[in-house]
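Asker: Take this sequence and fold it.
(chains A and B)
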Amino acid sequence: MRRSNTQRSVRRTGAILASVACAALVLSACGGSDSTASDLNPEADLTQQSLTVSNWAGYYPEDMAAKFEAAVGAPMTITNHATNEEIMAKLTAGGDSGIDVAFVSGQFAQALNEAGLIETLNPEFIPNLSNLYPEAQELTYDPGNKFSVPYAWGTTGICYRSDLMEEPTSWNAILEPSPENKGKVTALATERWLMLPAQKALGFSANTKDEGEMEQVKQKLIAAKPNLLAYDDTTFYSRLVSGEANAVVAWDGWCNYGTAENPDIKFVVPSEGSDLFADTMVILKTSKNKEAAHAYINYILDPANHAWVAENILYKVPNKAAMDAVGAGLAATYPNMGMTPAELLKGESLVDLGEAGPLYTKIATEVTSS
Amino acid sequence: MSIPTPTSGRGAARRRALIGRTVFAAPGLIYITIFMTIPILLVLVYSFFQRGRFGGIVWEFTLENYVRAFEPVYLQVFSNSLVIAGTTTVLALLIGYPTAYAIAKLPTRWRTVALVLVVLPFWTNFLIRTYAWIILLNSEGPINSSLVDAGIISAPIGFLYTPGAVIVGLVYAYLPLVILPVYASIERLDRQLIEAAGNLGASRARAFFDVTLPLTLPGVMIGAIFVFVPSLGNFVIPELLGGGKTVMVGNLIRDQFLEARDWPFGAVLALFVITLLVVLFALQAAISRRINGTGKRVSSRA
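Answerer: As a prediction, this is how the structure comes out:
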């Protein structure tokens, strides 16, 4: 049914009033309106909408906004965040963040959904969902892609200089480095990935909520700290290039940035296993441009576009058609681009910790300040 | 209701002056009320309630946040920060005082040049200045490679990502904040007092320690506070130069709001720092008053 312009503008005014009211009540949590799939207007004029998207810095092709606008007609602004935590702080601060589509890791999408902050997606507006690998449609944090769509996925491992050391087989290459690698290894700093190497080395789940297990994880990480060069989430691959570090804990895609500069930089998943992370796109309930937001997600899932993303960010995308097109070529230079969904699924999917969140935060503080 | 009528021209003038002062002060007062007093009150209120799972506040009263702040891990962070900020302050004074003294002794036109040079780094972005230290200090950087090339050391020294590197960065960033107030107090100093000390037989060293230093102490204290306060709260330098391995109270507070989404606990930590700073300023004011008081007595006796 096509709504008349007056009806639409009444709805819009209502939405504006509601968001003004929300802004006025900064202290109270303003929940969204409905929990069912969004009521979208198929006839909406996308050129009248404008999108604000928040993505990780450097995690999208530079000309993304221009190309999307040319293809779909809605002008787009991309803002950057450095970490999941940073964007979560923005989205949960109350009121309208002004962001329509946010890129967050799967476990954070799960938390945003439980907090009632994101929209239930309307699959009719995202026909390209069928391009996803079947495995990518059933990820633990959101089976059936009800509120999130995976953008890129991968695993965490060790990125190392194959010309300076043997291939590491265990997380202990970082946690208990050999004498010549002491002070030449780095670990990730964000909570979940700070814990991961120790959790896996000790044979625990990456989602464990057991206090006894986490105590052992803490002790192992405290013992590992003196041998670390630094905790580093953003520049670890350039440390390998400069020779400051020999081995770093790294997300597979970011290791590829190092490989691009020095082919001796290689990636390996330690034998104890690792995680499976998925970075997803979600639509905020506060968005006033939901048709354009759905169109954006659909645009990304187009095989040609998603392949273009993969070539640019060097992360695997969960899009079968896209990976069939570029995967083999990229894997020749960046072997981890050739990992199959089956190989990725060996990793443990990270899910939101719920009430155990503060436990992880406290341990992270205890480790980094030890 | 009684409106006092002006009984004399002097009373009216005083009232006009008061109104004038109020009008001039109003923009500043309003600004401070809105952007400082209200946020601090919010911080105070938040500190007594519970954390929402996704950030924000759950309006259930609790004192648990205050109890938590005394857990060993957080006390450790506080004491680390005090040691780092304290060391930074002492080093900045040891470097900054002689510099300020030397500038004050320069011919007038060179003084201006020297002062501009002191302030000049502030015109460069803070992050870039801090990042420069990473390039200088890292194991493949110019300092290490020239030491190795010169044969002074056999392997690069791990300067970077240590508390020492954090202190170097903090001293560098805040040194001008010591030099300027110390310079001002040295420059204002009555030279006749030093001459008098000399005439009465004091050596130059004795004149410095008995006359110059005590009289410039207010400037020294202002400089010390200007360095200590931002050092304590800084979280960028510990992160960049400390490699995330040195956690200061500024990092801890930032993390509560941005990572842990635990506003109430972050609020408690922030209140602790604010309280500490208020105490410091009160101390500084009290000591300055005493010194100025003595100064007056000295000059009235003279």
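Asker: On the three-state scheme, the closest residue to chain A within the stretch 101-250 of chain B is what?
Answerer: Residue of the stretch 101-250 of chain B nearest chain A, by C-beta to the nearest C-beta: B:Gly243 (2.7 Å). Just so you know, the C-beta spots here come from the backbone N, C-alpha and C atoms, and that holds for glycine as well. Judged by DSSP: H, G, I helix; E, B strand; the rest coil, the three-state class of B:Gly243 is coil.
Asker: what's the pLDDT at it?
Answerer: Confidence at B:Gly243, expressed as pLDDT, is 89.
Asker: same thing with B:Thr275?
Answerer: In this model, B:Thr275 is scored at 93, pLDDT.
Asker: now B:Ser8
Answerer: 57.
Asker: Determine the longest helix present in chain B.
Answerer: Secondary structure of chain B per DSSP state H: the longest helix is helix B:263-301.
Asker: Could you pull up the residues touching the residue of the stretch 201-350 of chain A found nearest chain B?
Answerer: Going by C-beta to the nearest C-beta, chain B is nearest to A:Ala230 of the stretch 201-350 of chain A, at 2.7 Å. Shown in contact with A:Ala230 (C-beta atoms under 8 Å, 6 or more residues apart in numbering or on different chains): A:186, B:160-161, B:243-245.
Asker: Specify the local secondary structure of A:Ser370.
Answerer: Using three-state DSSP, the structure places A:Ser370 in coil.
Asker: Can you tell me, leaving aside adjacent residues, what's nearest to it?
Answerer: Excluding the flanking residues, the one nearest A:Ser370 by C-beta to C-beta, 6 or more residues apart in numbering or on different chains is A:Ile222, at 4.7 Å.
Asker: That neighbour - that's part of a strand, no?
Answerer: No - according to three-state DSSP, the state of A:Ile222 is helix, so it is not within a strand.
Asker: same question for stretch B:137-147, mean pLDDT?
Answerer: For stretch B:137-147, the mean confidence score works out to 88.
Asker: Hmm, I typed the wrong one, I wanted stretch A:130-138.
Answerer: The model assigns stretch A:130-138 a mean pLDDT of 95.
Asker: buried set for it?
Answerer: The neighbour-count check on stretch A:130-138 (16 or more other C-beta atoms under 10 Å in any protein chain shown) flags A:131-133, A:135-137 as buried.
Asker: just stretch B:157-177 next, same as before
Answerer: For stretch B:157-177, a neighbour-count test (16+ other C-beta under 10 Å) marks B:158-177 as buried.
Asker: before we move on, what SS does the residue nearest to the spatial centre of chain B have?
Answerer: In chain B, the centroid-proximal residue (C-alpha atoms, centre = their mean) is B:Phe226; its distance is 2.4 Å. Taken by three-state DSSP, the conformation at B:Phe226 corresponds to helix.
Asker: ok, A:Ser274 - contacts?
Answerer: Contacts of A:Ser274 by C-beta under 8 Å, 6+ apart are A:155-157, A:196, A:200, A:347-348.
Asker: In helices, which of those appear?
Answerer: A:196, A:200.
Asker: By neighbours, which of the contacts of A:Ser274 wins?
Answerer: A:Thr156 (28 neighbours; other C-beta atoms under 10 Å in any protein chain shown).
Asker: what about that one, distance to B:Phe122?
Answerer: A:Thr156 is 40 Å from B:Phe122, where distance means C-beta to C-beta, to the nearest Å.
Asker: And for A:Gly95?
Answerer: Taking C-beta to C-beta, one finds A:Gly95 at 35 Å from B:Phe122.
Asker: How about A:Ser205?
Answerer: A:Ser205 sits 50 Å away from B:Phe122, going by C-beta to C-beta.
Asker: just to revisit the earlier point, so which of A:Gly95 and B:Phe122 has more stuff around it?
Answerer: Legend: neighbour count by other C-beta under 10 Å for A:Gly95 and B:Phe122, higher for A:Gly95 (17 against 12).
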